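Q: no FASTA, just this:
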Ligand SMILES: C=C(O[C@@H]1C=C(C(=O)O)C=C[C@H]1O)C(=O)O
Ligand SMILES: [Mg+2]
């Protein structure tokens, strides 16, 4: 640790010496490789930075990012993609970066997300979350395979560059790296309420009628569940539980003010590494079996079920077309395969391509969101339908959440199997694709299973 402290200090000292005094403020970013640190210990150690932390683990757990504090943030109540791109570019233009590690997700990394529909009327539930919010954290821990890196980012003006100031930054950082992780037992669940299930089934029925009348092809409808606990929910412990229980799922958390948006989603929107693009079509759902035979039987049913194949096909067609506009060598298998999770199994088709120069990851996110796995088809009409019919605000549920770095590597997932946590309350979200042959009762059951990943981790039951 002494080595880390002095390396960081020297790097900061050197970078700050080169600061351009004609700039009012400049991003300074220094990175060094460190010994193994438990990412959740780092997250938990950042308790004093409540409302300014994020957590991200890739679905295979090989890659983790933890951000504590804010060096700078880009927020807006507009759609936000373009503004984020512009301000990120400006920030990097004048940045002083010391990062010889060459590892993805180190150095200046931006983490954030976007609302599902910025045109939906604002709601009190999501008052802590702007429609778009991206932060460059003050302290970033990156776990990449078996390697660990720490980055300090600071937006400095020439007046800030005092010895005392960067000594303080390094001290804060080393304190965060020294703590152990402690799993606390989660508070007691005292109430669990599904919001208006009968009204939801009625809307599903109405939606299938619109589809049969030829006005829409597919619409994804969601509903909420509200869980209340005896005391405040511990986010670090919850993340630990989600990681243990939900394999093949990204685990994420983004804190704003008094709220934290948390989830364990299996659905990638896009991953970009060295211009290799990977997107995912995930739609069509069935339960897991209790025995190996039953599980196999259900999986085979899903692979042959027309209603589910139709839900899936809308997604494949749209993602393929979107990816073809910005990639060459696009590869899409002809048939989906099964993607098994703890509580359910999905139809899955990966989409690969090589990104043309000139496109950034945010361009792709903007182009892909919302896919028909979360919105519907045709896209514009289904979003308008959801805006009008769904009696609650999705906020960041079903939206892109993720990270990107200064080399334009990054990854975004779709924030499903998620909950908004504020003190002792969790609002859980769950949705499903409605097509012509959907039955309200069956879709209701499907959304009930999709609540389970968050509900189990919080200590609730069905
Ligand atoms: C909308 C959700 O999931 C989406 C809907 C699915 C479906 O209807 O089969 C499957 C996976 C996701 O694309 C959710 O979990 O909330
Ligand atoms: Mg479905």
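A: Here it is on my side, so go on. The model shown is predicted, which means the values in this text are computed figures rather than measured ones. Ligands and ions are numbered 1, 2, ... in the order given.

Q: need the strands for the stretch 301-450 of the chain, in chain order.
A: Along the stretch 301-450 of the chain, the segments classed as strands by DSSP state E, counting those that start in this stretch run 327-331, 337-340, 344-355, 376-377, 400-405, 410-414, 418-422, 425-434.

Q: between those, which one is closest to ligand 1.
A: For ligand 1, the closest of the strands of the stretch 301-450 of the chain is strand 425-434, at 3.3 Å, according to CB to the nearest ligand atom. (Each C-beta comes from the backbone N, C-alpha and C, glycine too.)

Q: just the pLDDT for residue 458.
A: pLDDT, residue 458: 95.

Q: make that residue 113, sorry
A: 98.

Q: need the contact list for it.
A: 132-134, 254, 261, 396, 399-402, 415 (CB atoms under 8 Å, 6 or more residues apart in numbering).

Q: circling back to that earlier point, save the strands of the stretch 301-450 of the chain as JSON lines, and put in mean pLDDT and mean neighbour count too.
A: Formatted as JSON lines, these follow (pLDDT from 0 to 100; neighbours: other CB atoms under 10 Å):
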{"stretch": "strand 327-331", "mean pLDDT": "98", "mean neighbour count": "14"}
{"stretch": "strand 337-340", "mean pLDDT": "98", "mean neighbour count": "16"}
{"stretch": "strand 344-355", "mean pLDDT": "98", "mean neighbour count": "21"}
{"stretch": "strand 376-377", "mean pLDDT": "98", "mean neighbour count": "26"}
{"stretch": "strand 400-405", "mean pLDDT": "98", "mean neighbour count": "26"}
{"stretch": "strand 410-414", "mean pLDDT": "98", "mean neighbour count": "26"}
{"stretch": "strand 418-422", "mean pLDDT": "98", "mean neighbour count": "24"}
{"stretch": "strand 425-434", "mean pLDDT": "98", "mean neighbour count": "25"}
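
Q: and residue 33, which of these is closest to it?
A: strand 400-405 (15.9 Å; CB to CB).

Q: ok, and what's touching the closest one?
A: With CB under 8 Å, 6+ apart, strand 400-405 has contacts from 56, 65, 88, 104-114, 252, 254, 261, 269, 272, 360-362, 365, 368-369, 410-415.

Q: now, those that are in helices?
A: Among the contacts of strand 400-405, the ones falling in helices (DSSP state H) are 88, 361-362, 365, 368.

Q: which one of those residues is nearest ligand 1?
A: Using CB to the nearest ligand atom, the ones in helices among the contacts of strand 400-405 come closest to ligand 1 at residue 368, 12.8 Å.

Q: in what helix or strand does residue 277 lie?
A: Assigned by DSSP states H and E, residue 277 belongs to strand 276-287.

Q: strand partners (parallel or antiparallel) of that strand?
A: strand 268-273 (antiparallel), strand 344-355 (antiparallel) (DSSP bridges).

Q: now find how far off-centre the longest one is within its chain.
A: I take that to be strand 344-355. 17 Å (CA atoms, centre = their mean, to the nearest Å).

Q: right, is it up against ligand 2?
A: No - Strand 344-355 is not in contact with ligand 2 by CB under 5 Å from the ion; minimum separation 8.4 Å.

Q: would that strand count as contacting ligand 1?
A: Yes - interface with ligand 1: strand 344-355 contributes residue 346 (CB under 6 Å from any ligand atom).

Q: interface residues of this protein facing ligand 2?
A: 285, 432-433.

Q: just these now: which is nearest residue 422?
A: Taking the residues of the chain next to ligand 2 together and measuring to residue 422 by CB to CB, the closest member is residue 432, at 25.4 Å.

Q: just to revisit the earlier point, can you list the strands of the stretch 301-450 of the chain in JSON lines and add distance to residue 194?
A: JSON lines is the format used below for the strands of the stretch 301-450 of the chain (distance: least, CB to CB, whole Å):
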{"stretch": "strand 327-331", "distance to residue 194": "41"}
{"stretch": "strand 337-340", "distance to residue 194": "26"}
{"stretch": "strand 344-355", "distance to residue 194": "18"}
{"stretch": "strand 376-377", "distance to residue 194": "23"}
{"stretch": "strand 400-405", "distance to residue 194": "25"}
{"stretch": "strand 410-414", "distance to residue 194": "22"}
{"stretch": "strand 418-422", "distance to residue 194": "14"}
{"stretch": "strand 425-434", "distance to residue 194": "9"}
